[in-house]
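A.B. asks: Here is a sequence with its predicted model. Questions after.
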Amino acid sequence: MDAVLREYVPADRAWLVAAHGRLYARDEGFDDTFAPLVNDILAAFEAGHDPARETGWVAEVEGRSVGSIFCVDAGDGRAKLRLFLVDPVARGQRLGARLLEACMGFAQARGYRGMVLWTHAEHRAACALYQRAGWRCLRSEPVRSFGVDLTEQTWEIDFR
């Protein structure tokens, strides 16, 4: 299964919102407040991102969208990784690693001094991927979000 990574376009928003909502409800038990948050994040990105310093990718297999990742400016010389998703049909193919490498490479090429991300410890495969790529967990705390109890985490990586 060869995935093609292409730049996000606004027409991808409906798929991204639906995929995040469906997969997080199924796999994590998230309630219906999560998909609208994804929609808000994408609407803000579309309305005001700096294409020279921020971008998003959609992974496709045979024309079907199966993954995403975004790099946005977090301020203070850092980029922020957002909306990282790999559909279960495409897992186990190194697609997550390819998306992460593309995002980190973009951030480095644009002169960011590092990156940050926010996730949940329950996303074990993603957290293991971040750790293998050199990220470190800065903060971990129990929270109640999207109708479930989670362990919220903040991760970072320095490029310099």
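C.D. replies: Here it is on my side, so go on. Numbering: from 1, shown residues only.
A.B. asks: Where does pLDDT dip in this protein?
C.D. replies: Applying pLDDT under 70 to the chain flags the ranges 1.
A.B. asks: all strands of it, in order?
C.D. replies: Counting by DSSP state E, the chain has strands at residues 4-7, 55-61, 64-75, 78-86, 114-120, 136-145, 148-158.
A.B. asks: What residues sit buried inside stretch 17-37?
C.D. replies: Residues of stretch 17-37 classed as buried by neighbour count (16 or more other CB atoms under 10 Å): V17, A19, H20, G21, L23, Y24, A25, E28, F30, F34, A35. Bear in mind the C-beta positions are built from the backbone N, C-alpha and C, glycine included.
A.B. asks: how far does it sit from the chain's center?
C.D. replies: 14 Å (CA atoms, centre = their mean, to the nearest Å).
A.B. asks: need the buried residues of stretch 17-37 in CSV with distance to D87, can you?
C.D. replies: Formatted as CSV, the buried residues of stretch 17-37 follow (distance: CB to CB, whole Å):
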residue, distance to D87
V17, 14
A19, 7
H20, 10
G21, 13
L23, 7
Y24, 12
A25, 14
E28, 15
F30, 16
F34, 16
A35, 15
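A.B. asks: Would you point out the most distant pair within these?
C.D. replies: Comparing all pairs in the buried residues of stretch 17-37 by CB to CB, the longest separation belongs to V17 and E28, at 16.0 Å.
A.B. asks: Now intersect the buried residues of stretch 17-37 with the helices, please.
C.D. replies: Among these, DSSP state H puts V17, A19, H20, G21, L23, Y24, A25, E28, F34, A35 in helices.
A.B. asks: Make a markdown table from the residues you listed and add distance to L100 to it.
C.D. replies: Shown next, in a markdown table, are those (distance: CB to CB, whole Å):
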| residue | distance to L100 |
| --- | --- |
| V17 | 22 |
| A19 | 18 |
| H20 | 17 |
| G21 | 22 |
| L23 | 18 |
| Y24 | 19 |
| A25 | 24 |
| E28 | 20 |
| F34 | 22 |
| A35 | 23 |
